[in-house]
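K.L.:
Sequence first, predicted coordinates after that:
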Amino acid sequence: MKLILNKEELLNKYSRRKAMEEDFEQQVRKILNEVANSGDEALIKYAQEFDGFKGDLNNLKVSEEEIDKAYKEVDDGFLNSLRKAIKRVTDFHQKQLPQSWFTTEENGNILGQIYTPVEVAGIYVPGGTAAYPSSVVMNAVPAKVAGVKRIVMVSPQKGEGMNPYVLVAAREAGVTEIYRVGGAHAIAALAFGTKTIPRVDVITGPGNIYVTLAKKLVYGMVNIDMLAGPSEVVIIADSSAKPEYLAADMLSQAEHDTLASGVVITWDGELAKSVAQKVEEYLKLLSRREIILKALENCGGIVVVDDEEEAFQLANQLAPEHLELMLPNPFGYLAKIKNAGAVFLGQFSPEPMGDYLAGPNHVLPTSGTSRFYSPLSVDNFLKKSSVIYYSQEGFLADARDVIKLAETEGLFAHALSVKVRISNE
Ligand SMILES: NC(=O)c1ccc[n+]([C@@H]2O[C@H](COP(=O)([O-])OP(=O)(O)OC[C@H]3O[C@@H](n4cnc5c(N)ncnc54)[C@H](O)[C@@H]3O)[C@@H](O)[C@H]2O)c1
Ligand SMILES: N[C@H](CO)Cc1c[nH]c[nH+]1
Ligand SMILES: [Zn+2]
């Protein structure tokens, strides 16, 4: 495989990947329509077709006994690391909690803004080619910190039972109910509701292209967090960077999915060659080799640019999910970054630290959408309401202006609602 590319070659790969999304969208539309029309029947049909699901509607919901049993199957080391991760992620997200606020004016008017959690949150936890207990934490913790009472999790069951690590993570992180379905059909169920699965107010979480397009298409019937599809990393490096670090970091995101992406951008041609050599070396050792190869073919490579300016211009154009700066004094470059879901600074901040333990959320926008989306946060589970209180004095001071503006719009009932209150005084 050709690993060292020029800028145009990389951009062509990105364009081809974008074009592929249109074919997937047709398939996803069909799945959504069927679940909308046939509910649970379609849900079970697709779970059987895509995930080899053998159960029926009666056991779509995971029982408390199954979760109890999962605790016996996971090791203490996992449980300790999981609890550490939950604590870190909780501490970080608690800092995001916004405060309701009120202002009182001299005439007694009170204005404000209050925050209310959504009643029911639907969280998607991927489970196609790997199980993701870390994504359980990243979804459920901000929902819990926001004060959501009902946290409904969906995740595909591969094989006989649910992944025990995912089940344990769900109980530890505060998920209130779990359904063993994934893919676009699970997103449809959360958006429309079925006899078995409740309709939710917001759907959050990452997933493959089917899941991500399904979220995009149901947006409006339900809120969504963002488009958090196949993982991506762009690494900007100069000659001070270690080729083995760059190669490993690039592969770490490519291994998620055949549509994931790993890109190194540098202006040092010799460094590019050393990274390519390391990539070939590591590929021989890694178990998800086939996935990585396809991902690099589809959307990866080591790009040699002219200089630092061009490197940042390209990274901003790609608007990646993760951006690593493998440069000396990386803080000095923060102002150059326009688009990135999360930024990792310096040689000891490889992206996987953020995937599991650093504290910020690993659910992040992909496919160029860090241009306008932000990481998953407590905000995604909260709604704002404005609060307006007029004192009599404040009302009388504003009444004439409101009448004037309403009558200008030809809305005389609006004006009347103000006038009747003046004439009564
Ligand atoms: N952006 C982020 O924040 C973030 C975080 C973690 C993971 N991810 C991404 O999540 C994804 C996980 O993917 P995954 O596949 O392992 O799990 P997944 O749960 O997202 O998708 C698997 C499901 O897709 C459905 N499916 C599979 N083939 C299908 C087909 N041909 N037609 C319709 N539906 C089909 C099946 O129901 C299957 O269970 C990866 O792309 C990974 O990079 C992203
Ligand atoms: N890198 C993923 C976000 O794109 C998150 C993740 C979970 N587990 C491992 N990685
Ligand atoms: Zn990852």
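P.N.:
Yep, that arrived. Ligands and ions are numbered 1, 2, ... in the order given.
K.L.:
CA only for contacts and neighbour counts going forward, please
P.N.:
OK.
K.L.:
close to ligand 1, is the longest helix seen in the chain?
P.N.:
If you go by DSSP state H, the chain has its longest helix at helix 7-38. No: if you take C-alpha under 6 Å from any ligand atom as the test, helix 7-38 misses ligand 1, and the best it gets is 6.8 Å.
K.L.:
looking only at pLDDT, what's the mean for that helix?
P.N.:
For helix 7-38, mean pLDDT rounds to 95.
K.L.:
What are the buried residues along the next helix or strand after it?
P.N.:
In the C-terminal direction, the helix or strand that comes right after helix 7-38 (DSSP states H and E) is helix 40-51. Buried residues in helix 40-51, counted by 16 or more other C-alpha atoms under 10 Å: 40, 42, 43, 44, 45, 46, 47, 51.
K.L.:
Dump the residues you listed to CSV, plus distance to residue 378.
P.N.:
Formatted as CSV, the buried residues of helix 40-51 follow (distance: C-alpha to C-alpha, whole Å):
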residue, distance to residue 378
40, 31
42, 33
43, 30
44, 32
45, 34
46, 32
47, 31
51, 31
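K.L.:
from those, which is closest to ligand 1?
P.N.:
residue 51 (5.3 Å; C-alpha to the nearest ligand atom).
K.L.:
Can you tell me, leaving aside adjacent residues, what's nearest to that closest one?
P.N.:
Spatially, and ignoring its direct neighbours in sequence, residue 51 is nearest to residue 158 (5.9 Å; C-alpha to C-alpha, 6 or more residues apart in numbering).
K.L.:
For the stretch 151-300 of the chain, which residues are neighbours of ligand 2?
P.N.:
231, 253.
K.L.:
Please enumerate the helices of the stretch 151-300 of the chain.
P.N.:
Shown for the stretch 151-300 of the chain, the helices assigned by DSSP state H, counting those that start in this stretch span residues 164-173, 183-192, 209-218, 243-254, 269-283, 289-299.
K.L.:
Nearest to residue 351, out of these?
P.N.:
Nearest of these to residue 351, taken as C-alpha to C-alpha: helix 243-254 at 6.9 Å.
K.L.:
Can you list phi and psi of residue 345 for me?
P.N.:
Phi and psi for residue 345, reported as degrees, to the nearest 10, are phi -110, psi 120.
K.L.:
That one and residue 328 touch, don't they?
P.N.:
No: if you go by C-alpha atoms under 8 Å, residue 345 and residue 328 don't touch, sitting 9.3 Å apart.
K.L.:
Comparing those two, which residue is more hemmed in?
P.N.:
Between residue 345 and residue 328, residue 345 has the larger neighbour count (other C-alpha atoms under 10 Å), namely 20 against 16.
K.L.:
Please determine how far the more buried one is located from ligand 1.
P.N.:
19 Å (C-alpha to the nearest ligand atom, to the nearest Å).
K.L.:
Looking at strand pairing, list the partners for that residue.
P.N.:
Beta-bridge pairing for residue 345 (DSSP bridges): residue 325.
K.L.:
so who does it touch?
P.N.:
324, 325, 326, 330, 331 (C-alpha atoms under 8 Å, 6 or more residues apart in numbering).
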